[in-house]
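1. What follows is a predicted protein model with its sequence.
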Amino acid sequence: GVTHVIPVAEGYVIGSSIKHIPLAGRTITQFIQQLHRERGEKMPPSMSLDIAKRIKETYSYVCPDLVKEYRKYEANPEKWFKTYEGHNPSRNQDFTVDVGYERFLGPEIFFNPEIFSSDFLTPLPEVVDTCVQSTPIDCRRGLYKNVVLSGGSTMFKDFGRRLQRDLKSRTKKRQQRSEELTGGQYKSRPIEVKVISH
């Protein structure tokens with residue numbers, strides 16, 4: 001799958017600035033499937049992709065901080081770990097799958113893609129930022145305050161909040177750096193970053 005970042009200013013698509021990344025819902029499903037294999041979960045091999053997809057759709061969410069999230073799970077496993085119950089029709093057997101860290105690790109590949117693959121290492125907030133920065137300068141502020149998420153994996157709980165926080169952080173650092181380079185002579189107006197979820 002592919003995730004597209006398409007800048008639209010005053011009703012027109014800025015085609016030269018369109019960006020895309022080779023990460024999407026299917027990538028998350030494959031990652032969750034891989035985590036189950038590594039953990040040695042007992043499930044029918046023919047159903048493993050479908051089970052990973054159902055777990056992704058039912059239990060996954062975006063966390064603000066990976067380390068804190070791990071600690072939260074370790075401190076209170078009864079609250080955060082879940083159990084997926086399934087049925088294997090070919091053998092007429094029921095089975096259970098433990099659902100743990102993959103709840104937040106799955107969607108995390110948009111923000112830290114290196115945890116899944118070394119082929120693509122650019123996080124989504126950086127792609128969005130690069131996309132906006134490649135548009136005409138008079139469009140940029142308008143684009144930053146109207147980042148619209150549409151469908152697919154952007155529907156994970158807190159996806160928009162995390163993207164907004166990471167984008168804000170990138171724009172703030174860039175402004176601070178430019179102020180340092182001018183010796184503090186020029187202070188620019190803070191950039192408003194707003195992510196809107198459908």
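-> Received the coordinates, thanks.

2. where does residue 83 land in three-state SS?
-> On the three-state scheme (DSSP: H, G, I helix; E, B strand; the rest coil), residue 83 is labelled strand.

3. Next one, pLDDT for the residue nearest in space to the middle of the chain please.
-> Among the residues of the chain, the one closest to the centroid is residue 110, at 3.4 Å (C-alpha atoms, centre = their mean). Note for residue 110: predicted pLDDT of 95.

4. how many neighbours does the residue nearest to residue 119 when sequence neighbours are not counted have?
-> Nearest residue to residue 119, sequence neighbours excluded (C-beta to C-beta, 6 or more residues apart in numbering): residue 22, at 7.7 Å. C-beta coordinates here come from the backbone N, C-alpha and C atoms, glycine included. When neighbours are counted by other C-beta atoms under 10 Å, residue 22 registers 12.

5. Do you have the strands of the chain handy? List them.
-> For the chain, the strands defined by DSSP state E occupy 3-5, 8-9, 12-13, 19-21, 82-88, 93-99, 147-149, 195-197.

6. Which residues are in contact with the residue nearest to residue 119?
-> Counting by C-beta atoms under 8 Å, 6 or more residues apart in numbering, residue 22 makes contact with 1-2, 119-120.
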